[in-house]
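Undergrad: Quick one, fold the following:
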Amino acid sequence: MTEMIAHGDAPQPSGEPTEVGAQEAVFKPWSKEQAQTWRKQNPQVSPWRVVLAQFVAGLVCAAVAWVVTERGAAAWSALYGAAAVVLPSALLARGMTRGTRNPVAAAAGFMFWEMLKIGVAIAMLVIAARVVANLSWPALLVTMVVCIKVNWVALLWRGRRTDKKA
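TA: Numbers count the residues shown, from 1 in each chain. Below is the predicted model:
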C-alpha cells in the first residue's frame, strides 16, 4: 500500500494531490446523483436469485444422474448434494437480507450467518449416509460442486447484463 501511495496511484484522505513525476491523484467524494448512476449501472444480484439458480442446477444434476446411471439412488444422492448447498445458502441469504445500518453489526452478522451456513452444510454431509439409502458419494459431491459454482455464473451473468446496457 505504501508503494501505491508513493507512486501517486492512491488518493490521499486529506484531498491534497500527491505529486510524483507527472502523476496527480485527488480524492473527490461522489455526489448523490453520481452514486445513483453507478448503482443503476451496477445492479446487485439478489442472493435469492443465486439460491434459486443453485436449486435449478441441483435439479438438472439429479436428472442427469438418473438418466446416466438409471439408478434412483444416484438421483437421490444428487438431490441431497444440492440440498447440502441450497439450504445453507438460503440461511445465509435470509440472514444477509435483514438490513442493518451499523457496519460492525453487518460484519458480525455476516460472520454469524456464514458460520451457520458452514455448520449446517457439514452436519448435512455427516448424516448423508443415514438419510439417503445406497448413497452415491460421486453423485452427491459432483452436484455440490456444480451448485457451488453457480455463484460464479451469477457474477458473470451480472457482468454481462451491465455490459449490454452500456
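
Undergrad: who touches T143 in this structure?
TA: By Cβ atoms under 8 Å, 6 or more residues apart in numbering, T143 lies in contact with 58, 61-62, 65, 77-79, 81-82, 85. Any C-beta I mention is one placed from the backbone N, CA and C, and that applies to glycine too.

Undergrad: burial measure for W66, as a count.
TA: Look at W66: counted by other Cβ atoms under 10 Å, it has 18 neighbours.

Undergrad: any idea how far M124 is from it?
TA: Taken as Cβ to Cβ, to the nearest Å, the spacing of W66 relative to M124 amounts to 21 Å.

Undergrad: same deal with C61?
TA: 16 Å.

Undergrad: okay, the two: which has more neighbours?
TA: C61 (24 against 19).

Undergrad: Just give me the neighbour total for R94.
TA: The number of residues packed around R94, counting by other Cβ under 10 Å, is 13.

Undergrad: Contacts for stretch 61-78, please.
TA: 58, 79, 81-82, 132-137, 139-140, 142-143, 146-147.

Undergrad: Same question for stretch 82-98.
TA: The set of residues external to stretch 82-98 that reach it, using Cβ under 8 Å, 6+ apart, is 47-48, 50-51, 54-55, 57-59, 61-62, 109-110, 112-114, 116-118, 120-121, 124-125, 128, 140, 143-144, 147-148.

Undergrad: Could I have the buried ones of the contacts of stretch 61-78 as PyMOL selection syntax?
TA: Command for PyMOL that selects the buried part of these, burial taken from 16 or more other Cβ atoms under 10 Å:
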select buried, resi 58+79+81+82+132+135+136+139+140+142+143+146+147
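
Undergrad: one step back: could I get the contacts of T143 in CSV, plus columns for distance to L92 and pLDDT?
TA: Putting the contacts of T143 into CSV (distance: Cβ to Cβ, whole Å; pLDDT from 0 to 100) gives the following:
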residue, distance to L92, pLDDT
G58, 16, 95
C61, 21, 95
A62, 22, 95
A65, 26, 94
S77, 24, 95
A78, 22, 95
L79, 20, 96
G81, 18, 96
A82, 16, 96
V85, 11, 96
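
Undergrad: Sounds good, over and out.
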